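Asker: quick check, what structure comes out for this input:
(2 chains)
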Amino acid sequence: MNKGKAEEDDYWHSSKYSAFTFDDDDYDFTKLKESQRAVNSIRGLVEDDCEDDEDVEKVSWSGEPVGSILWGVKETASSLRTSGDTQNHGFPKIQHNPPLPRQSSGYSLSSLFKGKNKTSSFSSLLDSLPDTSMRVYAPELRKPRSEYKDYDSDWNSEETIRRMRQGKAYSLENFHSLQEKLLLLDEAVSSHNSNVITAVLIFLKRTLSKAILFRELAEREVALRHFIHLLKETGEQRILVELLKKLGRMEDMALLQYKEHISIKDENQRKDFLKTCLSLPFSPDDSTHVQDHYMLLERQIIIEANDKRTDTEIFKKHPRKASILNMPIITTLYYSCFYHYGESEGTFSSPANIRKTFRISEKQYFLTALGARAKLKQWSDVDRLCNTTNWLGYTKKKSPIGFQRVVEILHKNGAPLQVLQDYMSLVDNTEVRVSLAQKFKCHDIVINTYKELKDRQQLIVYQSKLERGSPEYQVIDELIHSLNIRWKN
Amino acid sequence: MAAHLCYGRVNLNILREAARKDLREFLDKCAGSKAIVWDEYLTGPFGLIAQYSLLKEHEVEKMFTLKAGRLPPADVKNIIFFVRPRLELMDIIAENVMSEDKMQSPREFNILFVPRRSMLCEQRLKEQGVLGSFTNIDEYILDLIPYDGDLLSMECESAFRECYLENDQTSLYHTAKGLMTIQALYGTIPQIFGKGECARHVANMMLRMKREFAGSQTQILPVFDTLLLLDRNVDLLTPLATQLTYEGLIDEIYGITNGYVKLPPEKFAQKKQGEGGKDLPTEPKKLQLNSAEELYAEIRDKNFNAVGAALSKKAKIISAAFEERHNAKTVGEIKQFVSQLPHMQAARSSLANHTSIAELIKDITTSETFFDNLTVEQEFMTGVDTDKVNTYIEDCIAQKDPLIKILRLVCMQSVCNNGLKQKVLDYYKREILQTYGYEYILTLNNLEKTGLLKPQTTTRNNYPTIRKTLKLWMEDANEQNPNDISYVYSGYAPLSVRLTQVLARPGWRSIEEVLKMLPGPHFEERQPLPTGLHKKRQQGENRTTLVFFLGGVTYAEIAALRFLSQMEEGGTEYIIATTKLINGTSWIKSLMDKPEVNI
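Answerer: Numbering: from 1, shown residues only, chains lettered A, B, ... in the order given. Down below sits the predicted model:
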């Protein structure tokens, strides 16, 4: 139920600025045209594909240079589709091309740090950046026995972390006491290596009680952040909520829990979940918003259930394009103004009720209702919407968004000339009024406004733009020759 | 393929070659024929390092995209998964491995983690019961990827979010590591400057890593004189503004990923003679954008208003070159002309492409919407009416413009006003939640936590002082022949680049006051060089500074730094590094908890 954005987006005017000028607009544009022309004139000269040309990189339509990785993936995919299956039944192919000899020159990133490279100046770096040399890894897995030969179960925390950083075999099971474990954690943290820190945290999470772990983490900011990250990654929401609560980060905890609703698909489950969120310790502002969120979904479910079954005229004439569930409140209000206008305030679906419950500002309400009623071409509703009665009982037209915007919205929705004129004449600023009238070809308004301003010159200018002999032309003719008006020019 | 990496002040191809060598070594470790299964996200960054041919040379026969279910048939000895360390990818790999046909000749499984292996992922594989099926588990350290002759990126999308929202410093650790790699290849950087908490942290880690191997110094003459580390949150304003350089606008409108842009195909349909206009392609046109393309290198950093003239000048030159054929009379002359054809041909097609792109962009920049938006941005940046509800923003919300556009403007107003009045902030928040949905409470909270959106705490607004001292607004920005970096935003000089400029001359001591107003500490460190490695500067030789943006950098900022590099008597050339190439939209998006927002 979008408000037809595309239809509405060209009636916004505001002050102009000059810094990013398009003064030489035309000049600049011709330049583009010029280069386009040049391109075209050259185009015929040479054939477009010059395949045997080595200087020109070959590029497929999708832009992948032929031979790039992405191109390669696509090639494999298409060859599989065509011949993949049949190929497989054939005899195993013999490798014809032996692998090319390895290039032995140049640096390699890993060798820089592993000191594998023959280039002598780098080998000294071996111990400098031990973290990067985690090539040999997963020690408890498929590692030849020989690698365990330096295994010793008596390492202290420092040595263990060093081995972890280097990707050597290690065991954490020997760290029994709380003190030992915390030393290990602190050592890991000071390595800055997130992988090592994570490994230790997983170990602590498994071997310590939650209460103790939380207490100790509260005093270790970096480790705590890593732990929170770990819980987020693994989706252990419950523990995370518990942890934040323990830390007194109530708003964070509330938001974190609230966030979960995004992944709940079923609207009733989602509604129930939001209900449980109401008591969470949000900031006062957010608390109101979450409350509104819950009430809105609750209401949408009721409206949706009813409207799905209804086949009153309005629904037959304008079938619903989408469900109203999970739509923002303004969209819901628009829907209500479209399908449920005029319902008494007592019903859940009435505009008045929605406006009141969700504290919609006068401006927003007016704009939304106007959009919906104009879309349905219910000009009398538009009329009533603008009417205000003062204490003497006189009705007067008022618009919280100004009448210029009203006219523009009405025009967009194909309002007849008479309706447009009625509202145009309510635009106070004569300059704006005239430009609106000219834009939408309301001749009467233009003529009357100039007459009001006693601006004969402008009338003559305007007349020159009109078709000779048209009724408007004649009206102006009569006016400018009239002796009863005291023209200012 | 990568020649453009060598032309710059610093030969970044050395870094690329090192990365390639690493890749070859890993491939050779898995002896025999192999098939690579790609995490699709990685094909982009990898494309900047290697081509398919390199993989083929090392017996890679097939390549697939990682998908759930059973692996496609391939008669190879090894299957290698190239993946980011993500838990959801581990589940897919586990499924692949488990559904492998036991009857077929067994294939060996390997994993290459990019850029780091992760304990968590291996744990997950273990839980799934497949960890034992892998012959090699390795990591491919790809911290800094060379994007262009003067540009390195870690392409770590979540770096800003992690650093400033979640307080997770893992990406900073990788930054420090990346900088150690740079120093191993290009020599110790003697001087380190920085501004911001994260900058301080990275510098500390670098110095510590350096200390850990005191005594074993690299014997390379330093290529860089200075390293400048800048926190993105020191300058929150710049990425929010709409970039107005050619490359910046391409990124704003179409988004550049890994040096490629996807464009609507209509303007690129090649009409050959006699073919008419049939078969308009529907697939987006994909183009590579880097300085290897002569014309693009020339116009990418220009203000868009100067691009038309540049293109037309180029068109005349090319036309003239083709006209030469009429003058070619002798066989020798004709031969000469023909030998130049390929080059002319390439120049012609490059001109055609950029003319089409410029037309596409022109359609947008000349629209009223674009103009109005820019007007409001510039009002905010010059400090006009930043303390009350802006009617343009109000109107945009009323007509349901894309939420990110709204958020960019509201955040900009907040930054330029050093926080919004509580009443104004509450008003915006209510309008946004009512129009776009209450679930954006989460996004608004994230923006507040990172300081992009905040209530005013003091009545004192620092921004005007900062703007005046650093000359962030230049009334008479010259778009055609710029004389100041402010041309990249048609008047606004990016704060981050001003800080860089002032550091080079006259030095930060002149702006102590302003530095104190910006968040985080500023500092200077020196790294001692072994004797004999001190550079003897030739007279008039430029200094080289590596500027590292922690949390992202925009193309307009890069353009401004390139402008400074090229300035005569500037005295400093800049190489740029970052955690991620960003624009206002991708940046705000990274802070949203609901990623599926229509842009």
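
Asker: and for residue A:76, the neighbour number?
Answerer: 22 (other C-beta atoms under 10 Å in any protein chain shown). C-betas here are computed from N, CA, C, even on glycine.

Asker: correction: the previous question concerned residue B:531.
Answerer: 6.

Asker: try residue B:133
Answerer: Counted by other C-beta under 10 Å, the residues lying close to residue B:133 total 18.

Asker: tell me which strands and helices the top helix by length along chain B is in contact with?
Answerer: Across chain B, the longest stretch assigned as helix under DSSP state H is helix B:331-365. For helix B:331-365, the packing partners by 3 or more C-beta pairs under 8 Å, 6 or more residues apart in numbering or on different chains; DSSP states H and E come out as helix A:25-43, helix B:246-253, strand B:260-263, helix B:294-299, helix B:307-323.

Asker: so for it, what gets flagged as buried?
Answerer: Buried positions in helix B:331-365, judged by neighbour count with 16 or more other C-beta atoms under 10 Å in any protein chain shown: B:337, B:341-342, B:344-362, B:365.

Asker: and the longest helix for chain A?
Answerer: Taking DSSP H as the criterion, chain A has its longest helix at helix A:284-309.

Asker: mean confidence for the first helix or strand past it going along the chain?
Answerer: Remark: after helix A:284-309, the chain's next helix or strand is helix A:313-317, criterion DSSP states H and E. The pLDDT scores in helix A:313-317 average 90.

Asker: and the longest helix of chain A, what does it pack against?
Answerer: helix A:250-259, helix A:267-277, helix A:329-339, helix A:351-357, helix B:422-436, helix B:441-449.

Asker: so can I have TSV of those showing distance to residue A:400?
Answerer: Formatted as TSV, the helices and strands packed on helix A:284-309 follow (distance: least, C-beta to C-beta, whole Å):
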stretch	distance to residue A:400
helix A:250-259	33
helix A:267-277	32
helix A:329-339	15
helix A:351-357	13
helix B:422-436	14
helix B:441-449	26
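
Asker: quick check: the residue of chain B most remote from its centre vs residue B:336, distance?
Answerer: Relative to the centre of chain B, and counting by C-alpha atoms, centre = their mean, the farthest-placed residue is residue B:330 at 50.3 Å. Using C-beta to C-beta, to the nearest Å, residue B:330 is found at 9 Å from residue B:336.

Asker: what's the pLDDT at residue B:279?
Answerer: Note for residue B:279: predicted pLDDT of 59.

Asker: closest residue of the stretch 351-489 of chain A to chain B?
Answerer: residue A:367 (5.6 Å; C-beta to the nearest C-beta).

Asker: got the buried residues for the host helix or strand of that residue?
Answerer: Secondary structure from DSSP H and E places residue A:367 in helix A:362-375. Using 16+ other C-beta under 10 Å as the burial criterion, the residues of helix A:362-375 that qualify are A:364, A:365, A:366, A:367, A:368, A:369, A:370, A:371, A:372, A:373, A:374, A:375.

Asker: quick one: the helices in the stretch 151-300 of chain A?
Answerer: A:157-166, A:178-190, A:194-207, A:210-218, A:221-234, A:237-247, A:250-259, A:267-277, A:284-309 (DSSP state H, counting those that start in this stretch).

Asker: ugh, wrong one, I meant the stretch 351-489 of chain A
Answerer: Going by DSSP H, counting those that start in this stretch, the stretch 351-489 of chain A shows helices at A:351-357, A:362-375, A:379-386, A:403-412, A:417-424, A:430-439, A:443-453, A:456-465, A:471-481.

Asker: and the longest one, what does it pack onto?
Answerer: Contacts defined by 3+ C-beta pairs under 8 Å, 6+ apart place helix A:362-375 against helix A:329-339, helix A:351-357, helix A:379-386, helix A:403-412.

Asker: any chance of those helices in JSON lines with distance to chain B and mean neighbour count as columns?
Answerer: Listed next are the helices and strands packed on helix A:362-375 as JSON lines, based on distance: least, C-beta to the nearest C-beta, whole Å; neighbours: other C-beta atoms under 10 Å in any protein chain shown:
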{"stretch": "helix A:329-339", "distance to chain B": "5", "mean neighbour count": "24"}
{"stretch": "helix A:351-357", "distance to chain B": "11", "mean neighbour count": "19"}
{"stretch": "helix A:379-386", "distance to chain B": "16", "mean neighbour count": "17"}
{"stretch": "helix A:403-412", "distance to chain B": "9", "mean neighbour count": "22"}
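
Asker: residue B:453: which of those helices is closest?
Answerer: Closest to residue B:453 of the helices and strands packed on helix A:362-375, according to C-beta to C-beta: helix A:329-339, at 20.8 Å.

Asker: residue ranges with poor pLDDT in chain A?
Answerer: Residues of chain A meeting the criterion pLDDT under 70: A:1-31, A:34, A:38-67, A:75, A:77-154.

Asker: show me what contacts residue 443?
Answerer: No chain in the question, so chain A it is. A:437, A:466, A:472, A:475 (C-beta atoms under 8 Å, 6 or more residues apart in numbering or on different chains).

Asker: let me rephrase: I mean chain B.
Answerer: Neighbours of residue B:443 in contact, by C-beta under 8 Å, 6+ apart: B:407, B:591, B:592, B:593, B:594.

Asker: which residue packs closest to the second one, ignoring adjacent ones?
Answerer: Think residue B:591. Using C-beta to C-beta, 6 or more residues apart in numbering or on different chains and skipping the chain neighbours, the partner closest in space to residue B:591 is residue B:446 (4.6 Å).

Asker: can you count the residues close to the one you found?
Answerer: If we define neighbours as other C-beta under 10 Å, then residue B:446 has 22 of them.

Asker: please apply the same query to residue B:506.
Answerer: When neighbours are counted by other C-beta under 10 Å, residue B:506 comes out with 9.

Asker: surely residue A:169 and residue A:163 touch.
Answerer: Yes: when contacts are counted by C-beta atoms under 8 Å, residue A:169 is listed as touching residue A:163 (7.1 Å).

Asker: apart from its chain neighbours, what residue comes closest to the residue of the stretch 251-400 of chain A found nearest chain B?
Answerer: Taking C-beta to the nearest C-beta, chain B has its nearest neighbour within the stretch 251-400 of chain A at residue A:293, 3.6 Å off. Spatially, and ignoring its direct neighbours in sequence, residue A:293 is nearest to residue B:438 (3.6 Å; C-beta to C-beta, 6+ apart).

Asker: residues contacting that neighbour?
Answerer: By C-beta under 8 Å, 6+ apart, the contact set of residue B:438 is A:289, A:290, A:292, A:293, A:296, A:328, A:329.

Asker: and if you look at residue B:234?
Answerer: By C-beta under 8 Å, 6+ apart, the neighbours of residue B:234 are B:195, B:196, B:495, B:496, B:499, B:518, B:519, B:520.

Asker: so the fourth one versus chain A, what's the distance?
Answerer: Between residue B:496 and chain A the distance is 20 Å, computed by C-beta to the nearest C-beta, to the nearest Å.

Asker: secondary structure class for that residue?
Answerer: helix (DSSP: H, G, I helix; E, B strand; the rest coil).

Asker: ok, so what distance separates the closest residue to it other than its chain neighbours from residue B:455?
Answerer: Leaving aside its sequence neighbours, residue B:496 sits nearest to residue B:235 (C-beta to C-beta, 6+ apart; 4.2 Å). As judged by C-beta to C-beta, residue B:235 and residue B:455 stand 21 Å apart.

Asker: these two: who's more crowded?
Answerer: residue B:235 (27 against 14).

Asker: wait, what's in contact with the more buried one?
Answerer: By C-beta under 8 Å, 6+ apart, the contact set of residue B:235 is B:494, B:495, B:496, B:499, B:518.

Asker: considering those, which possesses the most neighbours?
Answerer: Going by other C-beta under 10 Å, residue B:494 tops the contacts of residue B:235 with 29 neighbours.

Asker: am I right that that residue is in contact with residue B:555?
Answerer: No: taking contacts as C-beta under 8 Å, residue B:494 lies outside contact range of residue B:555: 11.1 Å.

Asker: residues near residue B:510, how many?
Answerer: Residue B:510 is flanked by 13 other residues according to other C-beta under 10 Å.
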